[in-house]
Each structure stands twice: as structure tokens, then as C-alpha cells.
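Trainee: coordinates for the following, if possible.
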Amino acid sequence: MTGTLTQTDELTEKRTEIIKVIAADFERTEFARSQLNAHMYYNDMGHLIEEDDDEEEDTLQTTTGLLNKIAEEDGYLHKTEQGGTNRFIIDTGADEDEGDQVTAVTPNEIAQLVAQIADRHGVTINIPEDRLPEWGFVCNRVNGTVGSNVLRIASNPNRYRLTTEGLELVQEELL
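Mentor: Numbers count the residues shown, from 1 in each chain. Here you go, the predicted structure:
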């Protein structure tokens, strides 16, 4: 980034729409891509973009790559946290409110997660103790046994926030 903002009339339509949503609904609040996508999916964005309700979902879903470009090329976002640094295994079917374990890192935690999934699905999942550190093996074995992708490897997401200059320009020219 050169230190200057891309002028609003030089932004692509998609970038303009994403930036408008962030400025109007997040302002200076830090967010992850998944939070932004969920917000745009569950809320009416018609006041910010000119799409029919049926087209809003497809139009507004964004990618990490696009957010990085808005940060690095256009200067409207600041990446507050680089994701991918802390990896873990996540049970996508776990219910934290019910006391389920949701994530695991150590072999002991992974064994507990596998037992929890086996109980939930009424199956037996045999993973040799010496293979518990092999996350890919564990995920493949569990998912193959239960017949769906309930266990996956994940990492912390990138987090973003609008720059002060970006927010001011969007509020002046686009909102």
C-alpha cells in the first residue's frame, strides 16, 4: 500500500459494496471475514447496495483475498491480526452451550474430541494413540467413520478494521 486511498470512483463495484457495508455497520469495530459474511447473509443490505434480495447473498459474500486487497491495494482496511498462526482441530457438530468440547490441540484433547463424536454418532472410532498427533489422519478416520465432515483442521482467522481515513472518505462520499 502506498499510503493513499484508492478514490471511491476507482473502486470496483464489489469492493465499493463491501466497504459501504463495513463502514455503515461495523465502523471501527474489528471483524473477521466469517463475521462479515454472516452479518451480510442474515441482515438486509438493500439500503447499501442496489440488488434484489435474491441477488444480495451472492453479491456480498466475500473472501479473505478480497479483504486483503482492500487492505493492501486500496488502503481502506487495516489487518489487525494475521490469521493462520494458531492451528487446531474443530468439531463442527459440537454444541458448546451443552458442554461439548469444540476444539483440540493436544493428543489428549484430540482423543476426548474423538470419543465425544463417537458417542454422539453411536459409532466406534479406533485411532491408535501414536497416530493422535497426525491431525489429517484423525480427521479422515473420524469423518469416514461417521459419514460426514464433522472434524476439520482450522486456524485463527485474519481480522480487519476500517482505517480512520477510509471510514471518513466512505462516510463523506458513499453513505
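Trainee: show the pLDDT at the closest residue to residue 29 other than its chain neighbours.
Mentor: Distances taken as Cβ to Cβ, 6 or more residues apart in numbering put residue 161 closest to residue 29, at 7.0 Å, once the chain neighbours are dropped. Yep, even glycine has a C-beta here, placed from its N, CA and C like the rest. According to the prediction, residue 161 has pLDDT 95.
Trainee: count the residues that sit near residue 161.
Mentor: Neighbour count for residue 161, taken as other Cβ atoms under 10 Å: 20.
Trainee: same check, this time on residue 124
Mentor: The number of residues near residue 124, taken as other Cβ under 10 Å, comes to 7.
Trainee: give me the secondary structure label for it.
Mentor: coil (DSSP: H, G, I helix; E, B strand; the rest coil).
Trainee: for it, give me its contacts.
Mentor: 118, 145 (Cβ atoms under 8 Å, 6 or more residues apart in numbering).
Trainee: domain map for the protein?
Mentor: Domain assignment for the chain, taken from automatic domain parsing, gives 8-84+157-173, 87-155.
Trainee: rank the ones you listed by pLDDT, which is bottom?
Mentor: domain 8-84+157-173 (a mean of 85).
Trainee: can you tell me the helix or strand for the residue nearest in space to the middle of the chain?
Mentor: Central residue of the chain (Cα atoms, centre = their mean): residue 34, 2.9 Å from the mean position. Here residue 34, judged by DSSP states H and E, is contained in helix 33-42.
Trainee: and that helix, C-alpha only, in CSV?
Mentor: The C-alpha trace of helix 33-42 is given here as CSV (Å, rounded to 0.1, in the frame of the first residue of the first chain):
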residue,chain,number,x,y,z
ARG,A,33,-14.3,-12.4,7.2
SER,A,34,-16.7,-15.0,8.6
GLN,A,35,-18.4,-12.4,10.8
LEU,A,36,-18.7,-10.0,7.9
ASN,A,37,-20.2,-12.7,5.7
ALA,A,38,-22.7,-13.9,8.4
HIS,A,39,-23.7,-10.2,9.0
MET,A,40,-24.4,-9.7,5.3
TYR,A,41,-26.2,-13.0,5.0
TYR,A,42,-28.6,-12.5,7.9
